[in-house]
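# no sequence for this one, just the structure:
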């Protein structure tokens, strides 16, 4: 009986949402983006709310990208695009340089993610 329970738990660990997020952002995100031990991260909690409301992954992501789940000043979209951890306020896009377009508009160049220590 214990084997049956263990097999069931392993089967439930798979998430098609994670596959779709990986494919959409072309980043190797892991389960810990939404889950920490037996609880949801802020990112996972927010995603759950948006998905429950829209009942469609693409619609939910479109709105969900606009918020900042970890409250580090960077939207979920920017962190996901850069490969950062949108559930960790100490991991966010690293500002590297400023430049100006030919029209004189300022541009910010971001490179990788910056991991700050406590």
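Thanks, I have it. Keep in mind that this is a model prediction, so the values were computed, not measured.
# packing partners of the longest helix along the chain?
Longest helix of the chain, by residue count under DSSP state H: helix 42-54. Applying 3 or more Cβ pairs under 8 Å, 6 or more residues apart in numbering; DSSP states H and E, we find helix 42-54 packed against helix 57-64. C-betas here are computed from N, CA, C, even on glycine.
# what packs against the helix it packs on?
For helix 57-64, the packing partners by 3+ Cβ pairs under 8 Å, 6+ apart come out as helix 16-25, helix 42-54.
# ranking those by burial, who's on top?
Relative to the other members of the helices and strands packed on helix 57-64, helix 42-54 carries the highest mean neighbour count by mean count of other Cβ atoms under 10 Å, namely a mean of 17.
# how far does that one sit from its chain's centre?
Taking the mean C-alpha point of helix 42-54 and that of its whole chain, the gap between them comes to 12 Å (Cα atoms, centre = their mean, to the nearest Å).
# residues in contact with that helix?
Contacts to helix 42-54, defined as Cβ atoms under 8 Å, 6 or more residues apart in numbering, come from residues 17, 33-35, 40, 57, 60-61, 63-64, 67, 69-71, 76, 86-87.
# so among those residues, which ones count as buried?
Taking 16 or more other Cβ atoms under 10 Å as the criterion, what is buried in the contacts of helix 42-54 is 17, 33-35, 57, 60-61, 64, 67, 69-70, 76, 86-87.
# and these, which is closest to residue 104?
Nearest to residue 104, judged by Cβ to Cβ, of the buried ones among the contacts of helix 42-54 is residue 76 at 30.7 Å.
# wait, the closest one sits on residue 68?
Yes: between residue 76 and residue 68 a contact is recorded at 6.6 Å, counting by Cβ atoms under 8 Å.
# among the buried ones among the contacts of helix 42-54, which pair sits farthest apart?
With distances taken as Cβ to Cβ, the most widely separated pair in the buried ones among the contacts of helix 42-54 is 57 and 70, at 20.7 Å.
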